[in-house]
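Enquirer: Just the structure for this:
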Amino acid sequence: MLINAKVATRLPARDLNRARAFYSEKLGLDPVEQREGGLRYVCAGGEFAIFVSVGMQSGTHTQMAWEVEDIETTVRELRARGVEFEEYDLPGLKTVDGIAEITGNYPSKGIGERGAWFRDREGNVLGIGQPMRS
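Expert: Reported below is the predicted structural model:
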């Protein structure tokens, strides 16, 4: 049943115009369509929507992420657009210049992953990952 269904992420926003400006100005993404209270975006491997919500984002976990080929270049380009990356120094997760090396991964993805995280203007935690191959 669901195995053949497309998957799409939904991200809450209190201010849709503020969210739209962030995704356009900082990430270079513009919605492919909009409706009352919502914006729909499509990327190469999936889609996401931002919807108006009065709920609060927890801000404690990654809500959506992109897999990239070159994380250093992606982080550098996003920083040039004003994106501020999170820095972590936790047991098992330490970033250096915004990028962490994470051991372990799904076997089809490699031996680990390099990751970086930032928040949109609505408080959603977004990630960028690059699988590490052996």
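
Enquirer: Just the element for the nearest residue to residue 30 once chain neighbours are set aside, please.
Expert: Distance criterion Cβ to Cβ, 6 or more residues apart in numbering; nearest residue to residue 30, sequence neighbours excluded, is residue 24 at 5.4 Å. Quick note: C-beta positions are derived from backbone N, CA and C, even for glycine. Taking DSSP states H and E as the definition, residue 24 sits inside helix 16-25.

Enquirer: what is the mean pLDDT for that helix?
Expert: The average pLDDT within helix 16-25 is 97.

Enquirer: What is it packed up against?
Expert: strand 38-43, strand 46-52 (3 or more Cβ pairs under 8 Å, 6 or more residues apart in numbering; DSSP states H and E).

Enquirer: The shortest one pairs with which strands, parallel or anti?
Expert: So that's strand 38-43. Counting by DSSP bridges, the strands paired with strand 38-43 are strand 33-35 (antiparallel), strand 46-52 (antiparallel).

Enquirer: Comparing the helices and strands packed on helix 16-25 by mean pLDDT, which bottoms out?
Expert: strand 46-52 (a mean of 92).

Enquirer: And that one, how far out from the chain middle?
Expert: 12 Å (Cα atoms, centre = their mean, to the nearest Å).

Enquirer: angle of that strand against helix 16-25?
Expert: Angle, strand 46-52 to helix 16-25, by axes from the mean of the first three to the mean of the last three Cα atoms, to 10 degrees: 150 degrees.
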